[in-house]
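**Student:** Here is my input; please provide its structure:
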Amino acid sequence: MVPVAGVPTHLLRGGRGAPLLVLPPQFAADRWLPYHDALAARFQIFAPDHPGCGKSDRPDWLSDVSDLVLHYVDLLDVLALDRVAVIGTSFGGWIAAELAAAYPERVDRLVLVGAAGLHVEGVERFDLFVHPLEDTLRRLFHDPARSAQLLPTDAGTETIVAAYREATTLARVAWNPYLYNPKLERRLARVRAHTLVIWGADDTFLPRPHGEAYARSIPGARFEVVPHCGHLVPLEQTEVFVRRVLAFLGAAD
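**Tutor:** Below you'll find the predicted structure:
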């Protein structure tokens with residue numbers, strides 16, 4: 001647990017090398033997954049739980065994504081990290097994009113994976129607030145069976161309370177408007193980091209036009225599609241994801 005401006009923040013860390021901040025998707029807090037292990041062979045990984053998710057406290061002042069951005073700037077200060085590479089997936093990708101736009105001097109390289117945060121006219125999105133958690137998790141994968149890695153193994157009271165708490169946190173910052181910031185697209189021109197946008201070819205949670213919109217809006221961004229993959233590329237196509245990220249970050253063999 002790391003105190004960040006008065007907010008106890010749960011942080012998983014491991015590996016050696018240059019620092020890499022890894023911001024998780026929704027419903028994946030407090031998990032060290034195979035892609036973390038693979039990246040930790042080349043980098044020192046910092047993988048926090050978002051405030052109000054996992055084991056991190058939720059401050060009363062948390063109301064929108066800009067609050068999360070400031071929280072992570074404060075976390076970087078606590079860790080004495082002036083400038084880092086950042087990977088963000090889905091909800092974590094939205095936060096990463098906002099961070100790189102608001103504080104371009106703090107982000108060295110940026111990897112956005114199925115990132116929320118933008119609205120694309122005429123493109124339907126899956127509404128996680130009107131579906132049971134199990135249905136939402138299955139929708140995040142091309143192969144619904146892969147959702148088992150995120151499904152709770154214990155359906156007891158504590159698990160139910162934790163899932164409700166995380167969903168409540170997400171609703172507080174991302175319900176209205178749903179999963180996007182109408183100001184973000186214009187602000188992405190401020191991003192100075194070399195950027196890789198990765199999208200699952202079969203993402204029906206946030207379809208491919210969202211990734212294309214990010215790639216158009218961030219100067220010099222590269223857009224790559226992973227076949228046979230849904231929304232959570234690091235979890236469903238781990239080897240492909242790690243290979244592409246290491247190549248982009250200049251750490252491949």
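**Student:** tell me the helices in this structure, going along the chain?
**Tutor:** All helices of the chain, identified by DSSP state H, fall at 34-40, 65-78, 91-102, 133-139, 157-174, 184-187, 208-217, 233-236, 238-248.
**Student:** And residue 18, how far from residue 212?
**Tutor:** Separation of residue 18 from residue 212 (Cβ to Cβ, to the nearest Å): 29 Å. Quick note: C-beta positions are derived from backbone N, CA and C, even for glycine.
**Student:** cool, residue 144 as well?
**Tutor:** As defined by Cβ to Cβ, residue 144 lies at a distance of 25 Å from residue 212.
**Student:** same thing with residue 43?
**Tutor:** Applying Cβ to Cβ, the value for residue 43 to residue 212 is 28 Å.
**Student:** same question, residue 127
**Tutor:** Separation of residue 127 from residue 212 (Cβ to Cβ) stands at 21 Å.
**Student:** Compare those two (neighbour count), which wins?
**Tutor:** Using other Cβ atoms under 10 Å as the criterion, residue 127 and residue 212 rank with residue 212 on top: 16 against 12.
**Student:** thought the more buried one was touching residue 222?
**Tutor:** No. Between residue 212 and residue 222 there is no contact under Cβ atoms under 8 Å: 12.0 Å.
**Student:** in the stretch 1-150 of the chain, which spans are strands?
**Tutor:** 2-4, 7-9, 11-14, 18-23, 43-48, 84-89, 107-113 (DSSP state E, counting those that start in this stretch).
**Student:** The last one packs against which elements?
**Tutor:** This means strand 107-113. strand 84-89, helix 91-102, strand 194-200, helix 238-248 (3 or more Cβ pairs under 8 Å, 6 or more residues apart in numbering; DSSP states H and E).
**Student:** Which one of these lies nearest to residue 173?
**Tutor:** Taking Cβ to Cβ, helix 91-102 is the member of those nearest to residue 173, at 8.8 Å.
**Student:** I'd like the mean pLDDT over the closest one, please.
**Tutor:** Average pLDDT, helix 91-102: 98.
**Student:** Can you pull up the most central residue in the protein?
**Tutor:** residue 92 (2.1 Å; Cα atoms, centre = their mean).
**Student:** for the helix or strand bottoming out on mean pLDDT in the chain, which positions count as buried?
**Tutor:** Least confident helix or strand, the chain: helix 157-174 with a mean of 81, by mean pLDDT, DSSP states H and E. With burial defined by 16 or more other Cβ atoms under 10 Å, the residues of helix 157-174 counted as buried are 162, 166-167, 169-170, 173-174.
**Student:** Excluding its own residues, what touches that helix? List them.
**Tutor:** 26-27, 29, 50-54, 58, 62-65, 67-68, 91, 94, 116, 128-129, 133, 152 (Cβ atoms under 8 Å, 6 or more residues apart in numbering).
**Student:** Quick one, which of the residues you listed are buried?
**Tutor:** 26-27, 29, 50-54, 58, 62, 65, 68, 91, 94, 116, 128, 133.
**Student:** bridging residues for the residue nearest to residue 17 when sequence neighbours are not counted?
**Tutor:** By the measure of Cβ to Cβ, 6 or more residues apart in numbering, the closest residue to residue 17 outside its immediate chain neighbours is residue 43, 4.6 Å from it. Residues in a beta bridge with residue 43, per DSSP bridges, are residue 18.
**Student:** Tell me how many other residues surround residue 43.
**Tutor:** For residue 43, the neighbour count with other Cβ under 10 Å is 25.
**Student:** ok, now the one 5 residues further on?
**Tutor:** If you count neighbours by other Cβ under 10 Å, residue 48 ends up with 27.
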